[in-house]
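**Student:** Could you look at this predicted model? Sequence included:
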Amino acid sequence: AHDAAGNIGERVSIDVDSKLGEYRNSYNDIVFGDGVFPVDFERVYSSNDGWFFAFNSNLADYRNGYVFTDFYGEKHHFISDENGQYFSVDGDELKVESGTIAGNSYAYCLEYDSLILYFDSSKKLAAVENEYSIATYTWTKRLLTIINKVKNEENDGYTETATATICFTDNKPDDIMVTL
């Protein structure tokens with residue numbers, strides 16, 4: 001491709017949703033952790049919504065239900081049925097229940113895309129679990145600590161494999177420290 005001055009440039013493929021006119025692209029900044037469930041610091045850019053980081057996946061109140069924002073910034077609505085249970089149009093169920101998983105308290109539980117997601121009472125991500133491992137998320141005012149653990153069947157517990165701490169300035173990540 002050439003610009004008006006005759007300079008040669010690279011050909012770029014752009015993912016645009018022609019119905020919405022939205023451009024989306026994603027970038028993996030850091031991937032760490034052992035085995036089947038590495039912790040992935042992925043950010044997604046949407047021309048409609050700006051930057052979204054996978055660890056910002058969350059729940060929000062919405063009319064007679066909730067909105068789940070997934071790891072890619074996509075929104076999924078959960079509406080209450082006549083029994084007070086919450087379902088998406090895809091049939092996923094959001095459970096409003098409290099408990100503790102790997103030391104983290106949660107208030108909501110969602111089975112999504114072969115994962116179980118746990119959210120704390122402020123509707124932030126508290127843990128992500130698959131059949132082999134779990135990542136716990138601990139939020140403070142300016143820090144997010146993610147601990148990746150592999151399930152250990154011998155003692156019905158977990159073996160820690162990696163820890164990441166993200167520092168925020170003005171609600172944007174500005175430093176990531178990883179310990180393997």
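**Tutor:** In hand now; what should we look at? Predicted, not measured: the structure shown is a model, and the values here were computed from it. Numbers count the residues shown, from 1 in each chain.
**Student:** C-alpha only now, for contacts and for neighbours.
**Tutor:** Noted.
**Student:** And the contacts of the longest strand that the chain contains?
**Tutor:** The longest strand of the chain (DSSP state E) is strand 157-169. Here strand 157-169 makes contact (Cα atoms under 8 Å, 6 or more residues apart in numbering) with 32-34, 102, 133, 142-152, 173-180.
**Student:** mind redoing it with 7 Å?
**Tutor:** Contacts to strand 157-169, defined as Cα atoms under 7 Å, 6 or more residues apart in numbering, come from residues 33-34, 142-152, 173-180.
**Student:** mind checking which helix or strand of this structure has the lowest mean pLDDT?
**Tutor:** Of all helical and strand segments in the chain, the minimum by mean pLDDT, DSSP states H and E falls on strand 16-17, at a mean of 56.
**Student:** I'd like to check the angle between the helix or strand following that one and strand 157-169, please.
**Tutor:** Counting by DSSP states H and E, the element after strand 16-17 in chain order, helix or strand, is strand 22-32. Here the directions of strand 22-32 and strand 157-169 differ by 120 degrees (axes from the mean of the first three to the mean of the last three Cα atoms, to 10 degrees).
**Student:** Paired strands for strand 22-32, with orientation please.
**Tutor:** Applying DSSP bridges, strand 22-32 is found paired with strand 16-17 (antiparallel), strand 39-46 (antiparallel).
**Student:** give me the low-pLDDT residue ranges for this protein?
**Tutor:** The chain contains residues with pLDDT under 70 at 1-20, 32-39, 155-156.
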